[in-house]
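[1] Need the 3D shape of this:
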Amino acid sequence: MKGSSTQKSMRLGSVEPAVLAVLKHIDPLVAVFMLFVWGLIYRERFGTAMGAVAVVTFVTASRIFSRPTREGELSGQALTTTFSRITLEWIGVVAVLLFIGFALKVSALFSRAMMLTWVVTTPVALYAAHAMRRRARQLISDSAYAPRYIIVGANNAGFELFKRLPKSGFLGFFDFRSPDRLSSLIDPSQLAGHCKDIADFARTHGVTSIYIALPLSNVPRIGEMVRELRDTTASIYFVPDVFAFDLVQGRLVEINGMPALAVTDTPFYGMDAVRKRVTDLALACSALLVLAIPMLLIALLVKITSKGPVLFRQRRYGLNGEEILVYKFRSMTVCEDGAVVTQATRTDQRITPLGRLLRSSSLDELPQLFNVLEGKMSVVGPRPHAVAHNEMYRKLISGYMIRHKVRPGITGLAQVNGLRGETETVDKMRERVRYDLEYLSHWSPWLDLKIIFQTILVITRDKNAY
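    Residues are numbered from 1 along each chain as shown. As a prediction, the model looks like this:
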């Protein structure tokens, strides 16, 4: 049937000017441009090999530099912080190039002086591109080309939108309510009028954009308003109040042409899932190569100093709440894995002398590197708890099971923020869960790296594990 909902589709897009859209994706071209500049200066021959480097650089940089959240991550940061982040991103591109070069044994085809100069100077050019982007955004916001807009909805959602839009083109808020019933966040002087007058106001003041930030309960009124606004040239946008929910990886997604708002989701879809898994495999393999002999020595010491198996296996919840077996070097005289599991305490008599050393240094966790290789765990993620503890805390702490939207980790954000070891109160566990959900909401490869480095420092200083 013509016009039926099954034939309608929508697509995700952007409202930014064309020049900003171009500048937003210029970084891969900057990296390739710098390659050719230094190739000319060093008089390198531009053959197939150089072309291959340019293509791999462009493709890899496009994946890293053009991700949707990048501008938000860099905006408002200090110069040193922004430059460090850009440098780390560039190191990721270089790491891919080095891996391919060594794997194919073609690194000898290039001048080392030229390649090193290119690698060192490109972050400066990338920062210059970022500064140019930021300056262009400011100029457009303050120019006559800035959109003239109004916000319909003098509420929390409308105020949050107001903070994120340029102030130069703002003409005021509109609402169905009287001024005395508006949010305290809204300055009464910013109220431009009642919603019934929007169409006339838009025509009179040359409004180019109208943002409707009204609650979903106002859908009938919104529909009537949109029909009246068809007699104007303004672009109309509906901004749902997403802040009404506790968002975990909140984002807009497209499902075969239909937009949807993810309220609770995993951060690991698409290339982010690939990036996370490849990183886990690389870290786990590298760690096992370095720690193989120390782990064999620990296993031998566990065996000869106390009775029982070398490895302690315990059922815990993994990705999507599925049960997994987690490996640890045995540090106690018991191997509890039943309906009731007692957490270790500082003076726990079940802990062996060697086990106390292993637990305080987290060396007992090393066998979990095999869990990472199996795909049951990640290097960084929410720490898995015993099944018995999960069943208890999921009834006491709201959102507890959301932490299982990702693979559990050997270390996590909670552990590097002082919540390592015993959680003797529900409040302590609630705080640990808060950090786990924060990790899910703000995950990035850089957050994982930060947690890994912080874990090394915590292990040497923290006294909460026993």
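[2] which parts of the strand or helix carrying T80 are buried?
    With elements taken from DSSP states H and E, the one containing T80 is helix 79-104. Within helix 79-104, the residues scored as buried using 16 or more other Cβ atoms under 10 Å are 82-83, 85-87, 89-90, 92-94, 96-97, 101. Heads up, the C-betas are built off the backbone N, CA and C, glycines and all.
[3] likewise stretch 381-393?
    Neighbour-count burial for stretch 381-393 flags G381, P382, R383, P384, H385, A386, V387, A388, H389, N390, M392, Y393 (criterion: 16+ other Cβ under 10 Å).
[4] And the helices in the stretch 351-466 of the chain, which stretches?
    Under the criterion DSSP state H, counting those that start in this stretch, the stretch 351-466 of the chain contains helices at 353-361, 368-374, 387-393, 426-442, 445-461.
[5] List the contacts of the fourth one.
    Counting by Cβ atoms under 8 Å, 6 or more residues apart in numbering, the neighbours of helix 426-442 from elsewhere in the structure are 247-250, 266-267, 381-383, 393, 396-397, 399-400, 402-403, 405-406, 412-414, 417, 419, 423, 447.
[6] Quick one, which of those residues are buried?
    For the contacts of helix 426-442, a neighbour count by 16+ other Cβ under 10 Å gives the buried set as 247-249, 266-267, 381-383, 393, 397, 400, 402-403, 405-406, 412-414, 417, 419, 423.
[7] one step back: angle of the helix holding T80 against helix 445-461?
    Put simply, helix 79-104 runs at 100 degrees to helix 445-461, going by axes from the mean of the first three to the mean of the last three Cα atoms, to 10 degrees.
[8] mean confidence score for helix 79-104?
    Regarding helix 79-104, the rounded mean pLDDT is 86.
[9] Equivalent analysis for stretch 303-323, please.
    Mean predicted lDDT for stretch 303-323 stands at 87.
[10] Can you give me the end-to-end span of it?
    27 Å (Cα to Cα, to the nearest Å).
[11] measure the closest residue to T264 other than its chain neighbours to V406 for me?
    Excluding the flanking residues, the one nearest T264 by Cβ to Cβ, 6 or more residues apart in numbering is V248, at 4.6 Å. Noted for V248: a distance of 10 Å to V406, by Cβ to Cβ, to the nearest Å.
[12] Just confirm T57 is within a strand.
    No - per DSSP: H, G, I helix; E, B strand; the rest coil, T57 lies outside any strand segment and is helix.
[13] So for it, what's the pLDDT?
    92.
[14] what's the neighbour count on it?
    Neighbours of T57 under the rule other Cβ atoms under 10 Å: 21.
[15] hang on, it packs against L29?
    No - T57 is beyond contact range of L29, at 10.1 Å (criterion: Cβ atoms under 8 Å).
[16] any residues in contact with both of these two?
    Contacts common to T57 and L29, judged by Cβ under 8 Å, 6+ apart, are absent.
[17] Where do the strands of the protein begin and end?
    Taking DSSP state E as the criterion, the chain contains strands spanning 149-152, 170-175, 191-194, 209-212, 235-238, 251-255, 258-262, 311-317, 323-329, 378-380, 409-411.
[18] What is the second one packed up against?
    By that I understand strand 170-175. When contacts are defined as 3 or more Cβ pairs under 8 Å, 6 or more residues apart in numbering; DSSP states H and E, strand 170-175 sits against strand 149-152, helix 156-164, strand 191-194, helix 198-205.
[19] tilt between it and helix 156-164?
    180 degrees.
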